[in-house]
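Engineer: Sequence first, predicted model second:
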Amino acid sequence: MLWIEAVRTLSAELNEPFALEFVWRHKYNLDKLAWLNLMREKIGENDLKLLTELSARLKEDEPPQYLVGWVEFCDLRLKVDQRVLIPRPETEELVALILKENKKEKLHVLDIGTGSGAIALALAKAHKEWQVTASDLSESALELASENAKEHGLLVEFVESDVMDQFTDEKFDLIVSNPPYIAFDETYEMDKSVIKYEPESALFAAHQGYAIYEKIARQAGAHLNPGGKLYFEIGYKQGPFLQQLFQAHFTDQTVSIHQDVFGKDRMISVS
Ligand SMILES: C[S@@+](CC[C@H](N)C(=O)[O-])C[C@H]1O[C@@H](n2cnc3c(N)ncnc32)[C@H](O)[C@@H]1O
């Protein structure tokens, strides 16, 4: 059997017709030309078995990024697996906003709920002189984030902590977080693959999705240097509530809602 025949047959059963090509090419680093050339060749028994397994996993809604094993985030290639949320493009917009608004050479930064390390590592890469700390409640997420840091030769301190519970006297100039913010009753709006495969603790939060923001709002003031700022990714309907929440805790600062490229409320800053 030729590769093209195997790929066509297996892809016909998938919702996304190019998913199998995407996974194979990215998993094995094949460019388009190499892939096209491969299509004309006879497929070996082992490759057919692997291809069939990948297609079965895609059919079960497993996210292609977990099958490939890595994603691009900003200008980093980050390892991902079921220990962490797959970093999203809207989070790249949060990193871009932070980089645009913060040009100082020396900043002490904290990323709360770092997951794969995406935000912390993108900031550490863009500003090697910044001192970056990243925390998460999940020990296994921190293991993966550390692997990503090592892979890219980036110096980030990782701390296992429920929000800022493990931080005593540390002060930061910039605290950023993309916390879990989905309400438990919002699962009906979500993709099956997200619910089935991404870690629940990275997605959902109590109190209609606001619980982690509320805890950060309570704790962050004591850990901010004068002139310190906060940045958050938010759910697109959460802007007004969160603006009020942060304004109530940071009365002397300006709380701004920022939109993503689609014009949706997606970020909040306190500066
Ligand atoms: C939405 S994911 C974000 C991951 C990563 N920052 C990103 O943007 O791709 C939220 C992360 O927060 C972590 N988390 C959940 N509850 C937490 C808590 N109470 N304290 C610290 N981290 C928490 C989860 O383990 C998960 O890694």
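Structural biologist: Arrived safely.
Engineer: Alpha carbons of the host helix or strand of residue 37, in PDB - could you do that?
Structural biologist: Per DSSP states H and E: residue 37 is located in helix 32-39. Output in PDB follows, covering the C-alpha atoms of helix 32-39 (Å, rounded to 0.1, in the frame of the first residue of the first chain):
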ATOM      1  CA  LYS A  32       5.600  19.800   3.000                       C
ATOM      2  CA  LEU A  33       7.900  18.700   0.100                       C
ATOM      3  CA  ALA A  34       9.300  15.700   2.200                       C
ATOM      4  CA  TRP A  35       5.700  14.800   3.000                       C
ATOM      5  CA  LEU A  36       4.600  14.900  -0.600                       C
ATOM      6  CA  ASN A  37       7.500  12.700  -1.600                       C
ATOM      7  CA  LEU A  38       6.700  10.300   1.100                       C
ATOM      8  CA  MET A  39       3.100  10.000  -0.200                       C
END
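Engineer: show me where pLDDT drops low in the stretch 51-200 of the chain?
Structural biologist: For the stretch 51-200 of the chain, no stretch is flagged by pLDDT under 70.
Engineer: Can you tell me which residues in it are near the ligand?
Structural biologist: Contact residues, the stretch 51-200 of the chain versus the ligand (C-beta under 6 Å from any ligand atom): 84-85, 87, 91, 112-116, 118-119, 135-138, 141, 162-163, 178-180. The way it works is simple: take the backbone N, C-alpha and C, and place the C-beta from them, glycine included.
Engineer: ranges for the strands of the stretch 1-150 of the chain?
Structural biologist: Here the stretch 1-150 of the chain has its strands, by DSSP state E, counting those that start in this stretch, at 70-73, 76-79, 108-112, 131-136.
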